[in-house]
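**Student:** Just to be clear, the model below is a prediction. Sequence and coordinates:
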Amino acid sequence: MKLYADLTPWYSVIDPPEDHALEAEVFTAAFDRVIAPRAETLLELGAGAGHNLVHLKQRYRCMHTDISERMQELSRGLNPECEHALGDMRTLRLGRTFDAVLAHDGIVYMLTRDDLRAAIETAYLHLRPGGAAIFAPDGARDAFQDESVLLEYDRGDRAMRGVQWTWDPDPSDETVQTDYAFVLRDGRETTVAHDVHISGLFYRATWRELIASVGFRSTELIERPLDDDGSTDLVFLAIK
């Protein structure tokens, strides 16, 4: 996927860190509500460029993990005070536990139930008893609709205009496709890029079943903000 390879230098323009501030507040409030004693440490799985940790590190001692060296380098620049470790969320084993685990939208790249269960198990094994995990996929099969979103952002001499189009080539399976079309301007030079992402899309009942199967004792849905316009979706909060 170009977004995590050739387009990595543009990532902060395509997905600005400040856009993650509101949901980070929601995640922090949810963890504070259910974790006792007070959570102090947080592990993020599939943390990408570290844009969630820009905000979460204000509250927790954080560790960043991701499968992409390029994305992790971006996070090291933004979050030098956080620990970093390369690893696949399906197989990562750090040999230590945390108070909280976040698996943000990187978890959508689990395309099968076996892969999704493996990622959920990784979260479980890295939590202390009484800790909690948030799983925040982009969507669920229950509420899925084809959607196109216009993208626009400016950062200094660099700017991006684009479209994100998520659609379902085969409603009978558990994946969807997202096409990104970007026009990227750096000073007076422009380039055009097309990127295709295949994501897992599972019913919420499937999520709950897999979360319970690895040993989490309870799961609830929490509402998180998607944008400043008041739109929201539902993500999973699971307690060990």
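**Tutor:** Arrived safely, thanks for sending.

**Student:** Can you give me the domain assignment for the protein?
**Tutor:** Following automatic domain parsing, the chain resolves into domains at 2-140+202-239, 142-200.

**Student:** Please name the bridge partners of Thr65.
**Tutor:** Listed beta-bridge partners, Thr65: Ala85 (assigned using DSSP bridges).

**Student:** hang on, it packs against Ala47?
**Tutor:** Yes - Thr65 is within contact range of Ala47, at 6.1 Å (criterion: Cβ atoms under 8 Å). C-beta here means a position set from N, CA and C on the backbone, and glycine is covered the same way.

**Student:** quick revisit: quick check: which of the domains of the chain has the most neighbours on average?
**Tutor:** Mean neighbour count (mean count of other Cβ atoms under 10 Å) peaks for domain 2-140+202-239 among the domains of the chain, with a mean of 18.

**Student:** Figure out how far that one is from the centre of its chain.
**Tutor:** Centre-to-centre, domain 2-140+202-239 and its host chain are 5 Å apart (Cα atoms, centre = their mean, to the nearest Å).

**Student:** Let me see the backbone angles for Gly230.
**Tutor:** Backbone torsions of Gly230, given as degrees, to the nearest 10, read phi 90, psi 0.

**Student:** Now Leu210. Nearest residue, chain neighbours left out?
**Tutor:** Of all residues not flanking Leu210 in the chain, Arg117 sits nearest, at 4.7 Å (Cβ to Cβ, 6 or more residues apart in numbering).

**Student:** Enumerate every residue touching the one you found.
**Tutor:** Leu210, Ser213, Val214 (Cβ atoms under 8 Å, 6 or more residues apart in numbering).
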